[in-house]
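1. when you get a sec, could you give me coordinates for this:
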Amino acid sequence: MSLINQIRTKECSQADQIYQYYLPEGRTGFLLKKLEDENEIKQKDELKSLFKEQIKILTSSIQEVEFSYQSNQSHFPIQVNLVTGERIYTNEFCWARGDLPVLLLLYKADEFFGEVHNKFIADTVGQVIAKRKNVEEVNRNPFIRHGTSGIALSFLKLFELSGKFFYKNAYEYWIEKTQLLGSENFKEENPDSLLDNYQGVNAVLNKGKMDWRSFFY
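-> Okay, the predicted model is just below:
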């Protein structure tokens, strides 16, 4: 039995029916990793069915898109309880949580399966969040996981996937913010993790020697 079928057929408690959508450990990261797994790719029909199921949960939970962007609340939920129907949204704006990882998932899914309907949703939400110029205090740092270099990295990847220049403009804004914050002495959230230290920040700023884009996605 494949991993996909094991996920579907196992006996589920209420806790199993609470889906969290974030990177790298949540279901967003889980789904993106499957697109790189050779064993899962061989079961493309099953994989497509799983993605369709998960994306439907996200897109059916989308909050109204405000093109004036008066709210900092995320459009997509970061948590969905399939038993109670409760959906939790966030005001965090970063690589790990909020709308950015979900947009990445939508574009990557369409690219992999040769479709375009998720791209339309992503373009609509993306052109709104690309206008955002502020972060919550918890995200005011230069690091990747929760800070500005992760936002810049996400927008660059979204531009590469979609070709939409509003993502490129957003990338340029946030990379400049990262350069400014990088000159301040922030305490590293986790000195041993590239997602949380200055080595990761330097990689995003093209100071590192690694292929950082493929490393993070």
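
2. quick check: phi and psi on Phe113?
-> phi -90, psi 0 (degrees, to the nearest 10).

3. cool, Ile88 as well?
-> In terms of degrees, to the nearest 10, the main-chain angles of Ile88 are phi -110, psi 130.

4. who does it bridge with?
-> Counting by DSSP bridges, Ile88 forms beta bridges with Gln79.

5. check contacts around His117.
-> His117 makes contact with Asp110, according to Cβ atoms under 8 Å, 6 or more residues apart in numbering. In this view, the C-beta of every residue, glycine as well, is placed from N, C-alpha and C.

6. so which helix or strand takes in Leu161?
-> helix 148-162 (DSSP states H and E).

7. what packs against that helix?
-> Other helices and strands packing on helix 148-162, by 3 or more Cβ pairs under 8 Å, 6 or more residues apart in numbering; DSSP states H and E, are helix 99-113, helix 117-129, helix 165-182, helix 198-204, helix 212-216.

8. out of those, nearest to Tyr19?
-> helix 99-113 (12.0 Å; Cβ to Cβ).

9. if I look at Leu105, how far off is Lys177?
-> 24 Å (Cβ to Cβ, to the nearest Å).

10. of these two, who's got more company?
-> Neighbours per residue, other Cβ atoms under 10 Å: of Leu105 and Lys177, the larger number sits with Leu105, 25 against 20.

11. and that one, what does it touch?
-> Counting by Cβ under 8 Å, 6+ apart, Leu105 has contacts Thr28, Leu31, Leu32, Ile55, Leu58.

12. go again using 10 Å as the cut-off
-> When contacts are counted by Cβ atoms under 10 Å, 6 or more residues apart in numbering, Leu105 touches 21, 23, 27-29, 31-32, 35, 51, 54-55, 58, 76, 118, 122.

13. repeat that for Asn141.
-> By Cβ under 10 Å, 6+ apart, the contact list for Asn141 reads 94, 135, 147-150, 178, 181-182, 184, 186-189, 196, 201.

14. quick one: mean pLDDT over stretch 168-175.
-> For stretch 168-175, the per-residue pLDDT values average out at 96.

15. what's in contact with that stretch?
-> With contact meaning Cβ under 10 Å, 6+ apart, stretch 168-175 is reached by 93, 126-127, 129-133, 135, 147-160, 162, 164, 204-206.

16. separate out the buried members of those residues.
-> The neighbour count (16 or more other Cβ atoms under 10 Å) marks 93, 126-127, 129-130, 132, 135, 147-159, 162, 164, 204-205 as buried among the contacts of stretch 168-175.

17. pLDDT of stretch 61-79, averaged?
-> In this model, stretch 61-79 carries a mean pLDDT of 78.

18. ends of that stretch, how far apart?
-> For stretch 61-79, the first and last residues are 10 Å from each other (Cα to Cα, to the nearest Å).

19. list phi and psi for the closest residue to Arg145 other than its chain neighbours.
-> Spatial nearest neighbour of Arg145, excluding adjacent residues (Cβ to Cβ, 6 or more residues apart in numbering): Leu195 at 4.1 Å. Leu195 adopts backbone torsions of phi -70, psi -20, taken as degrees, to the nearest 10.

20. tell me the pLDDT at Leu195?
-> With respect to pLDDT, Leu195 scores 91.

21. next SSE after the helix or strand of the chain with the lowest mean pLDDT?
-> Between all helices and strands in the chain, the lowest mean by mean pLDDT, DSSP states H and E belongs to helix 3-9, at a mean of 36. Sequence order places strand 18-20 as the next helix or strand after helix 3-9, per DSSP H and E.
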